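Asks: Based on what follows, work out the 3D shape:
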Amino acid sequence: MAKSNYGIPGSNRVTLGNELVQEIRQRFEHDRDNSFQLYLLSSGIRRKYLDKKSGNYTDEFQSWYKKTKMDELYGSLANFTKYAMCGEVVNYVGTKTSNPDKYLKQLPVSVGSLYEISIILRRYEDVFKTCLHFTPSRSSLDEEKHDWKTPRPALIRKNITELEVRTWRQKWENPPPPKQKPTDKRTLKFVTIQVNDELIEFNRKTGTRRVVSIYRMSRSF
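Replies: Residues are numbered from 1 along each chain as shown. The predicted structure follows:
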C-alpha cells in the first residue's frame, strides 16, 4: 500500500462540514461491522476445534495456528479465545434478543470490553439481559432480583471500558457485607471463612473451566 495512504490528511479534507462527518461515520461503521464479523468467525472456529472432553484446542487447530502464523494477527491462543468469546456476545445479542439492531448498537467494539461482557453472559445470562437496560447492583449474593437496584444508564453501552466492566463484575460477585451496629454484640461477626480461589479452574487459553481437586482456603477471624 502506498505510503501516501498513511499521511495526515490535508487541510481541505478535514474542514468541518457534512462530508467530514459522513466519512468519519462510514469509517466507524465499517470498522464496527468488520470487527463483529471477525469475532463471529473466531467463535465459529473455536466451537469447531475445541475438544469438549479435554477443554483444549485440537492438535489439528494448534498445528494450523502455528503453521499459518495466526499469532501475528491474534497474538497468543489465549488472545484468540478472547476474540472468540467476543463473538459469543455478538451472536447472542444478534440472535437471541428482542431487538437485535438496537442492542448490537450498544455493544462496545474493543476486544477487552466485549470479553469482560462475555464473562457476564457466560456466568449470569439473566443479569446480562438486565445489563442491556440498567447497571444493576445488589447488597448480598442471595438478594432477590426484585430487590436489585437498577439505575441507568445500561452497563452494556458502546463507550464502556474494559476496566469499568471488570470493576462492576467484581462488585457484583463480591457485594459489601451488611453493616452491623457495633453496640449490638448479638450481631457481631464471630468468624468468616472465605474461599480465595474459584472452585472451578478457568483455562485462559481456551475459555473453558474444569473442577479442580485441591481447594485453597483462607480464614479471617
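
Asks: Quick check: which helices or strands does the longest helix seen in the chain pack against?
Replies: Using DSSP state H, we find that the single longest helix of the chain is helix 18-49. For helix 18-49, the packing partners by 3 or more C-beta pairs under 8 Å, 6 or more residues apart in numbering; DSSP states H and E come out as helix 59-67, helix 77-96. C-betas here are computed from N, CA, C, even on glycine.

Asks: Report the buried residues of it.
Replies: 32, 35-36, 38-40, 42-43, 45-46, 49 (16 or more other C-beta atoms under 10 Å).

Asks: follow-up on the earlier one: most packed of the helices and strands packed on helix 18-49?
Replies: helix 77-96 (a mean of 20; mean count of other C-beta atoms under 10 Å).

Asks: Determine the angle, from 0 to 180 degrees, between it and helix 18-49.
Replies: Relative orientation of helix 77-96 and helix 18-49, computed by axes from the mean of the first three to the mean of the last three C-alpha atoms, to 10 degrees: 110 degrees.

Asks: lowest-pLDDT helix or strand in this protein?
Replies: strand 217-220 (a mean of 41; mean pLDDT, DSSP states H and E).

Asks: related to what we said a few turns ago, between helix 59-67 and the longest helix of the chain, find me the angle.
Replies: If you take the same axes, to 10 degrees, helix 18-49 sits at 140 degrees to helix 59-67.

Asks: Do me a favour and average the pLDDT over helix 18-49.
Replies: Summarised as a single mean, pLDDT over helix 18-49 is 94.

Asks: Same list (the helices and strands packed on helix 18-49) but as CSV, adding distance to residue 178.
Replies: As requested, the helices and strands packed on helix 18-49 are exported to CSV (distance: least, C-beta to C-beta, whole Å):
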stretch, distance to residue 178
helix 59-67, 48
helix 77-96, 33
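
Asks: Switch the ones you listed over to TSV; also include mean pLDDT.
Replies: As requested, these are exported to TSV (pLDDT from 0 to 100):
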stretch	mean pLDDT
helix 59-67	96
helix 77-96	97
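
Asks: Give me the number of neighbouring residues for residue 109.
Replies: When neighbours are defined as other C-beta atoms under 10 Å, residue 109 has 16 of them.

Asks: ok, it - contacts?
Replies: 31-32, 35-36, 158 (C-beta atoms under 8 Å, 6 or more residues apart in numbering).

Asks: With residue 59 as the reference, measure out to residue 41.
Replies: 21 Å (C-beta to C-beta, to the nearest Å).

Asks: And residue 40, by the same measure?
Replies: Applying C-beta to C-beta to residue 40 and residue 59 gives a distance of 25 Å.

Asks: Could you do residue 8 as well?
Replies: 47 Å.

Asks: swap in residue 83?
Replies: Going from residue 83 to residue 59 by C-beta to C-beta gives 21 Å.

Asks: next one: residue 102
Replies: Relative to residue 59, and taking C-beta to C-beta, residue 102 is found at 42 Å.

Asks: now residue 32
Replies: Taken as C-beta to C-beta, the span from residue 32 to residue 59 is 35 Å.

Asks: same question, residue 35
Replies: 29 Å.

Asks: So which of the helices and strands packed on helix 18-49 is nearest residue 23?
Replies: helix 77-96 (25.3 Å; C-beta to C-beta).
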